[in-house]
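Undergrad: okay, predicted coordinates and the sequence, questions at the end:
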Amino acid sequence: MKIKLVHAHFLISIGDYSNERIGFTVELEEGETIESVVTALRSEARKAVGPKADELYEARSILQKQCYALEKKINEVRSEWDATAEFLRTQGIKPDAPPMPQFSNLLAAVKVDEESVEQAEIVDGF
């Protein structure tokens, strides 16, 4: 028996009791084995689906904590800056010492209007 095409479909858990199904149809090249092709396709499926939802939520939580710490540090530095500027103005050393600039909302929130999945062929490496 000579196998020319391999159809591989994978059901990948994305967390929170949700799954995503992804599949590929590839033509075997000379010297390739079914096992090696399926292993490579499984890896490609995981990359295509991306990280699990719980991993994304954990990363989001870490980033939120980092943002909170940075905002706290900015407020501390702002307080020091304003105290120094007030001292310089009061002492007449620098009467035009400016307050620290406000750096709020420099980056607008990213919104995804719609998501789509397209069929594609894997050409290189398979």
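TA: Sure thing, it's come through.
Undergrad: could you find the closest non-adjacent residue to G23?
TA: Distance criterion C-beta to C-beta, 6 or more residues apart in numbering; nearest residue to G23, sequence neighbours excluded, is H9 at 3.6 Å. (Each C-beta comes from the backbone N, C-alpha and C, glycine too.)
Undergrad: hang on, the one you found is in a strand, isn't it?
TA: Yes: counting by DSSP: H, G, I helix; E, B strand; the rest coil, H9 falls inside a strand.
Undergrad: and it, how many neighbours?
TA: 11 (other C-beta atoms under 10 Å).
Undergrad: please tell me I have it right and it contacts N19.
TA: No: H9 lies out of contact with N19 (C-beta atoms under 8 Å); the separation is 11.9 Å.
Undergrad: tell me which element the residue nearest the centre of the chain falls in.
TA: Nearest to the mean C-alpha position of the chain, by C-alpha atoms, centre = their mean, lies L56 at 7.7 Å. Of the helices and strands defined by DSSP states H and E, L56 is found in helix 53-90.
Undergrad: which elements pack onto that helix?
TA: Under the contact definition 3 or more C-beta pairs under 8 Å, 6 or more residues apart in numbering; DSSP states H and E, helix 53-90 sits against strand 5-15.
Undergrad: can I get the CA coordinates of the strand it packs on in CSV?
TA: Extracted in CSV, the C-alpha atoms of strand 5-15 (Å, rounded to 0.1, in the frame of the first residue of the first chain):
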residue,chain,number,x,y,z
LEU,A,5,-2.1,12.0,1.2
VAL,A,6,-2.4,12.5,4.9
HIS,A,7,-5.5,14.1,6.5
ALA,A,8,-4.8,15.1,10.1
HIS,A,9,-7.4,16.7,12.3
PHE,A,10,-6.8,17.8,15.9
LEU,A,11,-9.1,18.9,18.6
ILE,A,12,-7.2,21.3,20.9
SER,A,13,-8.4,22.5,24.3
ILE,A,14,-8.2,26.3,24.6
GLY,A,15,-9.4,26.3,28.2
